Each structure stands twice: as C-alpha cells, then as structure tokens.
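A.B. asks: generate coordinates for the sequence data below:
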Amino acid sequence: MNALDRFHIDIFKLSNSTHSYEFEFNDKFFAEIENSIVEQGSGEVVITLDKNESFIKMTINITGKIELTCDRSLDLFDFPINVDKEIIFKYGEEEIELDDNIVMITRDTQRLNLAQYIYEFIGLEIPMKKLHPRFNDESEEDEMVYTDEETKNDDNSEATDPRWEALKKLK
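C.D. replies: Alright, predicted model coming up:
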C-alpha cells in the first residue's frame, strides 16, 4: 500500500455540509514524493471540507516540523511549520487548475488526493535562506561592508606610494 493513499478523501457520497478530517505525516510521506526537497519531518494536517452544490471549499491547517540543512554551517535542524491555506474545488467540464487555490474538477470525480497539496504547502514554507536557530541573534547589517573607489582613494590619498605616481601619468 502506498503511503499517500491515506490522504484520499472520498467526496462522491458526501452530503452537502461541513466535514472534518485529520491526517498525520512523517518521513514515509516525504519518501513517497518523487524528487522531494524535504526528507524528514512530522506533523498533523487538519482539513475542514465544506461541500456545496457547485463547489467544495477546503481549509487546510498543517502544523509540525521538518528537518532542514543550514546553509551556513551544514548542520541539521528542525524547522517549525504552521500553515493555513484554502483551496476551492469548482465543478466544471474538465479537470484543470485555474489559480493557485482554485481547481476545477468534474462532477463524476470520486475522490480527492490531497497529498500533493499538503506537500506543496509544506514546501512553500521553506525559507530561501535556511539558517540554524543559533544564528538568529546575528544581525545581517554587521556583515555587509561596501566601499567605492572614491571613498577608498580619499581615505588613502596621503598614504599613496610615490612610485605609483609615475604609473598614473601613463594613463
């Protein structure tokens, strides 16, 4: 049995009302995703599904942690995740993604597999710059130093070696 099969929700026989689901994810979940950027993590997913005649509104709450590698020290650390997203599944003639959070499905769709959506929402939480929490206290302003040639020459104009003056005349 595929580890992603448990993220199926059978929507065909659901009544037009609000339904709640809870799922857990762990390392097996990320192992089943092809070319996953996350290898380890755990947490839970709470889904509130509001089914109507013309659409399904789904609210997804993901809490947990994933293991990331620090870009600076290459140490592994746990990164907390807290995601609140909403997806709307509209009924139409074909299955197509209309927007980032609007998906068109056909009326004869039996079930929705939410594994890919959950994985994408977790992936969107990964910061561009992955820093171990011990580096959070450091200020990035202290690291950047910028000098231009004019400032550099003004400060060192008296300290120029006279032998260079002859070379500057060759320009």
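A.B. asks: okay, now the unreliable bits of the protein?
C.D. replies: 1, 138-159 (pLDDT under 70).
A.B. asks: ok, longest helix in it?
C.D. replies: helix 115-124 (DSSP state H).
A.B. asks: for the protein, what's the longest strand?
C.D. replies: strand 76-92 (DSSP state E).
A.B. asks: buried set for that strand?
C.D. replies: For strand 76-92, the neighbour count (16 or more other C-beta atoms under 10 Å) marks 77, 79, 81, 83, 85, 87, 89 as buried. For glycine as for every other residue, the C-beta is placed from the backbone atoms N, C-alpha and C.
A.B. asks: just stretch 28-36 next, same as before
C.D. replies: Neighbour-count burial for stretch 28-36 flags 29-30, 33 (criterion: 16+ other C-beta under 10 Å).
A.B. asks: with stretch 44-55 instead?
C.D. replies: Neighbour-count burial for stretch 44-55, counted by 16+ other C-beta under 10 Å, picks out 45, 47, 49, 51, 55.
A.B. asks: and that stretch, how far out from the chain middle?
C.D. replies: Centroid separation for stretch 44-55 versus its chain: 22 Å, with C-alpha atoms, centre = their mean, to the nearest Å.
A.B. asks: going forward, begin numbering at 28 instead of 1
C.D. replies: In the new count, where the first residue is 28, that last one comes out as stretch 71-82.
A.B. asks: distance of the residue positioned nearest the centre of the chain from residue 83?
C.D. replies: Nearest residue to the geometric centre of the chain (C-alpha atoms, centre = their mean): residue 151, 1.5 Å. Distance of residue 151 to residue 83, given as C-beta to C-beta, to the nearest Å: 22 Å.
A.B. asks: same thing with residue 194?
C.D. replies: Residue 194 is 76 Å from residue 83, by C-beta to C-beta.
A.B. asks: who has more neighbours out of those two?
C.D. replies: residue 83 (22 against 9; other C-beta atoms under 10 Å).
A.B. asks: surely that one forms part of a helix?
C.D. replies: No: looking at residue 83 with DSSP: H, G, I helix; E, B strand; the rest coil, it is strand, so not inside a helix.
A.B. asks: dig out what it forms beta bridges with.
C.D. replies: Counting by DSSP bridges, residue 83 is bridged to residue 78, residue 116.
A.B. asks: doesn't residue 115 make contact with it?
C.D. replies: Yes: the pair residue 83 / residue 115 is scored as a contact, 7.2 Å apart, by C-beta atoms under 8 Å.
A.B. asks: still on that earlier bit, wait, what's in contact with the residue nearest to the centre of the chain?
C.D. replies: residue 110 (C-beta atoms under 8 Å, 6 or more residues apart in numbering).
A.B. asks: right, I'll call it a day here.
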